[in-house]
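In: This is the structure alone, sequence omitted:
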């Protein structure tokens, strides 16, 4: 039997993992931070109207959720994650040590998807106004971009995590149209 797999979620994986897991625990990854830095041509945008999604970018730290997957499901979940996260190969699949932030603070090796700064879809640091413009127009296979941002902010708040940049975007998006939980599906 295979060893259990840990998966680090920092964006939509937190509120829509899409795979079976044994437990989820608050976690922190050091050496990378959550950033709205990936131009989306597939999940939350199209080539004609690109959206903007999160990536794990270099430096800092990121709080999120670590999901423990049963060893018997390891290969199936990795295959699912590759299909979901690697559509355009904008992320680098890496195993990193993640600190679990409850029950004794253990450290586990977790699969993470870090943004490839050399990829054409890496946007670098956009101004908040540029981010808002991308998010407002983006709609792709997984839904519209505003719902992605709003659902992520809700998930972060439920964990007690503040992200000022995403919260600024969420306030502007909410002022333009109401958000309902079913929109995020």
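Out: Received the coordinates, thanks. Computed from a predicted model, the values in this text were never measured in an experiment. Numbers count the residues shown, from 1 in each chain.
In: Need the per-residue pLDDT for residue 178.
Out: For residue 178, the pLDDT comes out at 55.
In: same deal with residue 171?
Out: On the pLDDT scale, residue 171 gets 96.
In: so it, which of the three states?
Out: Put simply, residue 171 is helix when judged by DSSP: H, G, I helix; E, B strand; the rest coil.
In: what's the neighbour count on it?
Out: 10 (other Cβ atoms under 10 Å). Using the backbone N, CA and C atoms, a C-beta is placed for each residue, glycine as well.
In: all numbers from here: first residue = 553
Out: Right, with 553 as the first residue, what we last looked at is residue 723.
In: Roughly how far does it sit from residue 590?
Out: Residue 723 is 22 Å from residue 590, where distance means Cβ to Cβ, to the nearest Å.
In: Which parts of the chain are helices?
Out: Assigned by DSSP state H, the chain shows helices spanning 564-567, 626-637, 680-689, 697-710, 716-728.
In: Give me the contacts around the first one.
Out: Helix 564-567 is contacted by residues 559, 605-606, 616-617, 619, 694, 700, 703-704, 706-708, 711, 736 when judged by Cβ atoms under 8 Å, 6 or more residues apart in numbering.
In: which residues touch residue 613?
Out: So residue 613 contacts 580-585 (Cβ under 8 Å, 6+ apart).
In: just for this protein, where's the confidence low?
Out: 553, 729-737 (pLDDT under 70).
In: again, only this time at 50
Out: Within the chain, the segments meeting pLDDT under 50 span 731, 735, 737.
In: Residue 665 against residue 639, yeah?
Out: No: the pair residue 665 and residue 639 does not pass the contact test of Cβ atoms under 8 Å, sitting 11.5 Å apart.
In: Which one of the two is surrounded by more residues?
Out: residue 665 (24 against 15).
In: Quick check: chain neighbours aside, which residue is closest to the more buried one?
Out: residue 643 (3.8 Å; Cβ to Cβ, 6 or more residues apart in numbering).
In: gap between that neighbour and residue 686?
Out: Distance from residue 643 to residue 686, by Cβ to Cβ: 18 Å.
In: How much space separates the closest residue to residue 596 other than its chain neighbours from residue 656?
Out: Spatial nearest neighbour of residue 596, excluding adjacent residues (Cβ to Cβ, 6+ apart): residue 603 at 3.7 Å. Computed as Cβ to Cβ, the residue 603 to residue 656 distance reads 39 Å.
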